[in-house]
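1. here is the input, now give the coordinates:
(chains A and B)
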Amino acid sequence: MNRQRSSVRSSRGSNSTSNGSDPREKFKDCCRKFAVFMCTQVGVGALIISYALIGALIFEAIEGKANNTEIVTINETRRILVSELWEVVEDYNTLNTTAFIVRVNDLLFNYQLNFTESVKRGYEQKPPGEIWTYPASLMFCLSVFSMIGYGNIVPKTKWGKVLTMVYATFGIPLYILYFVSMGKVLASTFKWVYTWMHDCSNDSGNANSSEEGSSLQLPKTKKKIIVPSTACLWVISIYIAGGTVMFAEWENWSYTNSAYFVSTSLCKIGFGDFNVGKTRFIEKNGTMIADLNDSSAENHSKLVINFIFILFGMALVAMCYILMREEVREKYREIKEDTKMCMEDVSAKFAKCFGTTNIDDEYEEKYF
Amino acid sequence: MASSFRFIYWRVCCYICTREPKRNQRRKMMMRRQQLQQQQLALQDRAGRFSGRSQGQSMRRSIRTSQRSADSGIDPYYEGAGMSHAYSDMDCRYAGVNGGGEQYHQQQQQYYDEREKMRGRSLNYTPSQRREREQMRGYGHTGSLSYDPRYRNGYGRNIDRHTVDRDRFPRYNEPPFDNDYDEDIEQQRLPRRERMREREDFRSQTPPRDMRHMRYMSEDRQMMGERSPRYQRAGPSSRVQSLDRRMHRRDPVMIEFEQEQQPQSKQPPMFCNKYACDDELGDQQQPSPREVKRSPNMRSQSMPRQQSRYGDRLMPPQTNSLRDNRNIAPYNNDDIDADMPIRKGRKPSRPAPSPSPRIMSPMGFAIHRQARHLASIMDENSMYGDNWDYGDRPPASQIRPVPIWLCVFLVIGYIIGGGFLFQKWEGWNYLDSVYFCFITLTTIGFGDIVPNDNKANPELSIALCSIYLLFGIALLAMSFNLVQEEVIAKVKHVARRLGIIKDEEVDD
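-> So this is what the prediction gives:
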C-alpha cells in the first residue's frame, strides 16, 4: 500500500513539478527541503537553541538597561536612617545608654521594615546591568521555556514581564516539540543499542545451539524487545551522577546539594535556592566583596554548559519516559490478557461444575 | 473535564443551531410537499420489494422514522408521509436492482446521507448482508453501504451522532489500496484505542497515511478534471456533525467509486457491535425519499451548481466526496480555506460542505441540528441517547473537534479574569497579577511574586488562590487535551501541503 501510494504520489508530484517554472520550483524545493530539515530532530534542536539565544539577547537588552529604582529607594532610606541616628545622638548629647538603645532600636526596626519592603519590591545588590549578563539571560530563557522557573533572575520591568509571557507562550510548545522529538530519537537509539547488546549476548550464549534451536530462537529475537525500565533508570542515574560531580567541582557545593540541584532541575521543579554561576564573593582586605572579575569567560562558559546539560538532560528524561511507557503498556496488555484467560478458565470450570456445559460452549463459540 | 467540556460545547452548538432554521421553515415546507409526491410514487414501486422484511423491524422502523423525522426537523404533521418512507432505504437499494438509474442511485445516496446525518449510526453489515446489498444495488459495486470504517471497531465504542470519526480516514481509504484490509483494520484499531487511552501519545502513522491517501484520491480525481463544487464551509462545530454525516455519506459513494477503480476481492471485516446490529435492521427503514429529495432543493447555493455539474454521473459525486473527505478531515487544510472564506469560529448553523449534490444542504444541516436537538429534547434516552455512554471514554476516532480558537479564548479569558481577581485580592497592579497568573498556570513558577505577601488574612488569600489555580491548571490541561490532536493534524496538513512531508511520518 505504501508503495502504491508513493507511486501515485510521485507521479502526481512529478506532474506538478514539471509544470512550474524552473527557478521558482527550485526556490520552492529549497524552501521545502529547509522546512523538512527543520522538522527533523536536528532542526528542532537547532531551533530551540536559536530561540534561547535570541531570547537571551532580547532580555539582556530590555532588563539589563533598566534602572532598579529600588536601589535609589534603599539608598535614600539608608541616608534618612543615618541622619535620624545622628539626631538621636544630637538630642541626648550624652552617653545615655538606655535612651540611645531605645531610640536607635526603633529607628533600626523601621529601617528593617523598609528594607524588606524594598527587597520585596525587587531590590537587588547588583544593578540590573550586572545581573542580566548574556549567559544569565540564557539561563533565564531556559528556565522560562522549559518551565523550570528558577526565579533567581526575574524580569522586573513592565516590558520584561510582558515579553516573558509572550516568550513562554511560543517557547513552551517549541520546547515540548523538542522534548518529544529528541525523546523519540534517543529512545529509538537506545532501543537499538539495547537490542544489539541483547542479541549479542544471546548469540554468544546460544552459539552452540543446534539448527533447530536457533531457528526456534529466531522468532524470539525477532520479537519486539522492550527496554526494561531499569536500564532507563540506570541511564538517568549515571547522567545525574555526572552532573553532580560537575557542579560540585565548579560551584563548590557539597555532593548532596549538587545532586539536589540536578534532580530538581531535571524534574522541572526548579526551586532556585541553588544557582549556577552565582557571583562569587572573594575575600579582599578582610571583607567579602563581589568578585567582579568572576563574570569572566569561565563563569559564562559554566552557564552555557549548564544550559546544554539541562537541555540534554530533558531529552534523556523524555527518552526514559517513552521507553518506560512502552514497557508499562506491554505489561499492562499482558496482564490484561492473562487476566482474561484466567477469568475464562474460571468461568469454564464453573460451568462444568454446574453442568451448564452446553450454554458455555455456545458462548465460547460465539465469542471466540 | 475535557469530555464534559466537549459535551457542553456540543449542546451549546446544538442550541444555537436550533435558532437558525426558522428562516428555513418556509423552504422546508415547499420541499416537503414536492417530495411527498415523489415519495408516494416511489413507495408504490417499492412496496412489493419491501414485503420481505420481517415484522419485528417495523416497530423499530417506525421509531426510527419518527426519530429521523424529528431529526430532520420534519413537521410531525407530516408524519403520515414520513411513516410511509420507512421503506425507503430498502427500496432505494432494491431500486438499484431494477437499474433504477442514476436518479434512483442519487436518491438512495441522498437518502443514505440524510439518514446517516440524522442517525449517525454505524452501518456495519454482515458480509452476507453486504453482498446482498451489493446485488440489490445492481451497480456491480463490491462496496457496500455497510463499510463504515468508523464503526468497524470491535470495542463496542459508543458512537454518538455528534461525534466525528477520525478513524474514518485510515480505514476509509484502506480497501482500494490495501489487500490486507482485515489486518490493517485490526492493527489500526488497536493502536488507536491505545492511543485513546493515553492522551500523551503522539500521532501514529495512521493519519498521515490516510491523509496522503485521501489526497491521492482527491488529486487523482482532480486530475481527471473534476472540480469540486464550492461548498460552503461549515463552522467548526458544524463540521463536527457534518464530518459525521459526510463520512457516512461518503462511504458508499467512495467505496463504490474505489471499487470501481480497483475491484476489491476482500471485503472489510464486519464487526458486530450493538450499533451494527441495530443499523442493519434500521437501514431498512428509512429517511424518506422526501428527505432525499429535500436535500437537493434545500441546498440553495450549491445544489443548482451541483446538479448541473454532476447530473447523473456517478463520478462527480465521488470526486466531490473524496475532495470533501479531505476537506472535511479534522485536519483542515488550506483548500477549504481557499474554497470557503468561512472557517473556524463560525456558528454551527453554517452550511456544511457537501461532498455530493445529494448531500444535505446547508439548511438541511441546520435543520438536522435542530432536529437532533429536538429529538434529544423529546427523548433524552432516545436512540441517540443510547449510543452515547458517558461512562465510556470516547475513542480517539470519535472525538468531537472543539475548535482551537475556543480553547485559546477560554484560557486567555481565564488568565485575564485572574488578573482582575488578584488585583483585587492581593492589591497588585494589573500587570503583576496577569504575570503571576500566567507564570503559575504554565507551571514555570518563578516565585518572585507570590500571593499573600503581607496580608492581614492569610488563610483566605491562600484559599482563594488555591482554588483559582486548581481550576486553572485543570482548564489548561483540558485545553491541551482538546486541541492537541487538531493542532497536530493541522500542522501536518500544512506541512503536507507544503510538500514537506511525503510518505514518511512527521516528527511532530
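2. so which elements touch the longest helix that chain A contains?
-> If you go by DSSP state H, chain A has its longest helix at helix A:297-353. In terms of contacts (3 or more C-beta pairs under 8 Å, 6 or more residues apart in numbering or on different chains; DSSP states H and E), helix A:297-353 is packed against helix A:41-64, helix A:134-145, helix A:158-205, helix A:229-251, helix A:255-266, helix A:357-367. In this view, the C-beta of every residue, glycine as well, is placed from N, C-alpha and C.
3. try it again with 7 Å
-> helix A:134-145, helix A:158-205, helix A:229-251, helix A:255-266, helix A:357-367 (3 or more C-beta pairs under 7 Å, 6 or more residues apart in numbering or on different chains; DSSP states H and E).
4. can stretch B:471-484 be found next to chain A?
-> No - judged by C-beta under 7 Å from any C-beta of the partner chain, stretch B:471-484 stays clear of chain A, getting no closer than 9.5 Å.
5. for that stretch, give me every contacting residue.
-> B:1-2, B:5-6, B:199, B:402, B:404, B:407, B:410-411, B:414, B:418, B:441 (C-beta atoms under 7 Å, 6 or more residues apart in numbering or on different chains).
6. what average pLDDT does that stretch get?
-> Across stretch B:471-484, the average pLDDT comes to 86.
7. buried residues in it?
-> By neighbour count on 16 or more other C-beta atoms under 10 Å in any protein chain shown, the buried set for stretch B:471-484 is B:G472, B:L475, B:L476, B:M478, B:S479, B:F480, B:N481, B:L482, B:V483, B:Q484.
8. with stretch B:491-499 instead?
-> Applying 16+ other C-beta under 10 Å to stretch B:491-499 flags B:V491, B:K492, B:H493, B:V494, B:A495, B:R496, B:G499 as buried.
9. let's verify the fifth one: helix, strand, or coil?
-> Okay, so that is B:A495. The three-state label given to B:A495 by DSSP: H, G, I helix; E, B strand; the rest coil is helix.
10. what's the pLDDT at it?
-> Per-residue pLDDT puts B:A495 at 74.
11. quick one: it from A:V36, how far?
-> From B:A495 across to A:V36, the span is 9 Å (C-beta to C-beta, to the nearest Å).
12. where does chain B dip in pLDDT?
-> Under the criterion pLDDT under 70, the flagged ranges of chain B are B:19-401, B:453-455, B:498-508.
13. one more pass at 90, please.
-> By pLDDT under 90, the weakly predicted segments of chain B are B:1-410, B:421-429, B:442-465, B:476-508.
14. now the stretch 1-150 of chain A
-> For the stretch 1-150 of chain A, the ranges with pLDDT under 90 are A:1-49, A:60-77, A:84-104, A:114-139, A:142-143, A:146-150.
15. show me where it has its helices.
-> Using DSSP state H, counting those that start in this stretch, the helices of the stretch 1-150 of chain A run over residues A:2-19, A:22-39, A:41-64, A:69-92, A:97-120, A:128-131, A:134-145.
16. next, see if stretch A:249-268 gets close to chain B.
-> No - Stretch A:249-268 stays clear of chain B (C-beta under 7 Å from any C-beta), getting no nearer than 7.8 Å.
17. for that stretch, what is the distance to the chain centroid?
-> Averaged C-alpha coordinates place stretch A:249-268 at 14 Å from its chain's average position (C-alpha atoms, centre = their mean, to the nearest Å).
18. cool, thanks, signing off.
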